[in-house]
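Student: quick one, fold the following:
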Amino acid sequence: MILSPVPRGNGAFVVHSQLAQRLPNYQLLPYSPKRSYFPPSYYPLGRKLPARLIHAVPESAIFHQRKGAPLVVTAHGFTLDKAVYPYSSLLQNLHAKTDLWWLYQQAARRADVLTTVSHATAEALGEAFGITQPIKVIYNGVDETLFVPVEPREDGEIRVLFSGNAKRRKGVQWLLPILAGLDESISVHYTAGLQEQAAVGSHPRLRALGRVAHSAMPKLYQSMDILLLPSVTEGHSIAVLEAMASGLPVVASDLPALREQIVHGEGGFLCPVGDVGAFAAAIQTLAEDAALRLRMGAFNRAQVETRFRLTTTVAAYQALFNEIG
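Tutor: Numbers count the residues shown, from 1 in each chain. Predicted structure coming up:
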């Protein structure tokens, strides 16, 4: 059996859940992300279950390591980046600079195979910890049979979606300032996500959707016109992939990992992190040009079909597991 301990409520949980649904003998072991503040609490997870292989994330990997079971560690992003510090609490920063840094370092050293979800994340890990071993990149994928485009609406309102945990690292603090620079025909809708939330504020055109079940996400994307992702850091965004598969253009932060997903000027626009004016201008451009939205959405859909299918992602992990376990 392949055991996969993973925290609930983030992109890693989505990816490992997809593997559990599609691979035989893959057992998901979800846990609260609050365990990270007392790392030894990871140790008992799945300890009594037999395992031929462990597939873990860096923050808990060393506590799941077993004799005779190869350890595959997948980094779904690099949250230790100093650029994230201004958007985190003092406790989060202390955690990142001390025990979390050490746990990532040890996971990279002890892993039989180290994988990441983007070349940008692989490069960041390599530079931070002086990793010389090969790092295997396996892109996240999306089920393009569930997330599909529909005919555009004609009600005159342009709906912009912010999907994910409403946290400062995701740029939630910029939603209101961005909205203030947009025409009155444009509204911003945001999901609550699965983790603790930052304050978003209120505005007649800022609409809270609450927590949306993943099974309801395809219809949500189909009701929207543009995806907004003003993140400070990303590994390889699931929300971007789902929006692309749904035929939406994307306006996102110009981050190295997102450049591997979004082709600037073809599938959307990449803006400097925190540049509220640039985000508003990009959204306004798309709002005023229906043909541009359709063209960029079609481009994104084609990108998913050729580069980011979930079946490709699952097959890559399956091949890796078979090779080493």
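
Student: please enumerate the strands of the stretch 1-150 of the chain.
Tutor: Under the criterion DSSP state E, counting those that start in this stretch, the stretch 1-150 of the chain contains strands at 2-7, 26-31, 53-56, 71-75, 113-116, 135-137.

Student: okay, those in a markdown table with mean neighbour count and mean pLDDT next?
Tutor: Heads up, the C-betas are built off the backbone N, CA and C, glycines and all. Formatted as a markdown table, the strands of the stretch 1-150 of the chain follow (neighbours: other C-beta atoms under 10 Å; pLDDT from 0 to 100):
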| stretch | mean neighbour count | mean pLDDT |
| --- | --- | --- |
| strand 2-7 | 24 | 94 |
| strand 26-31 | 18 | 94 |
| strand 53-56 | 26 | 96 |
| strand 71-75 | 25 | 96 |
| strand 113-116 | 23 | 96 |
| strand 135-137 | 17 | 96 |
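
Student: for Ala96, give its distance to Ser89.
Tutor: Using C-beta to C-beta, to the nearest Å, Ala96 is found at 10 Å from Ser89.

Student: among those two, which residue is more densely surrounded?
Tutor: Set side by side, Ala96 and Ser89 show more neighbours around Ala96, with 18 against 9, by other C-beta atoms under 10 Å.

Student: burial of the nearest residue to the more buried one once chain neighbours are set aside, as a residue count?
Tutor: Nearest-residue entry for Ala96: Leu80, 5.3 Å, with adjacent residues in sequence omitted and distances by C-beta to C-beta, 6 or more residues apart in numbering. As a burial measure, Leu80 scores 21 neighbours (other C-beta under 10 Å).

Student: now do the same for Leu80: its pLDDT.
Tutor: Here the pLDDT value assigned to Leu80 is 82.

Student: figure out how far stretch 80-92 is from the centre of its chain.
Tutor: Distance of stretch 80-92 from the chain centroid (C-alpha atoms, centre = their mean, to the nearest Å) equals 18 Å.

Student: list the contacts of it.
Tutor: 37, 93, 96, 100-101, 104, 124, 128, 168-169, 173, 232-233, 273 (C-beta atoms under 8 Å, 6 or more residues apart in numbering).

Student: one more: stretch 30-37?
Tutor: So stretch 30-37 is contacted by 5-10, 13, 41-42, 45, 59-60, 91, 95, 100, 195 (C-beta under 8 Å, 6+ apart).

Student: so which of those residues is the most crowded?
Tutor: Most surrounded of those: other C-beta under 10 Å gives Val6, at 25 neighbours.

Student: and it, what does it touch?
Tutor: Counting by C-beta under 8 Å, 6+ apart, Val6 touches 12-13, 16, 28-31, 56-57.
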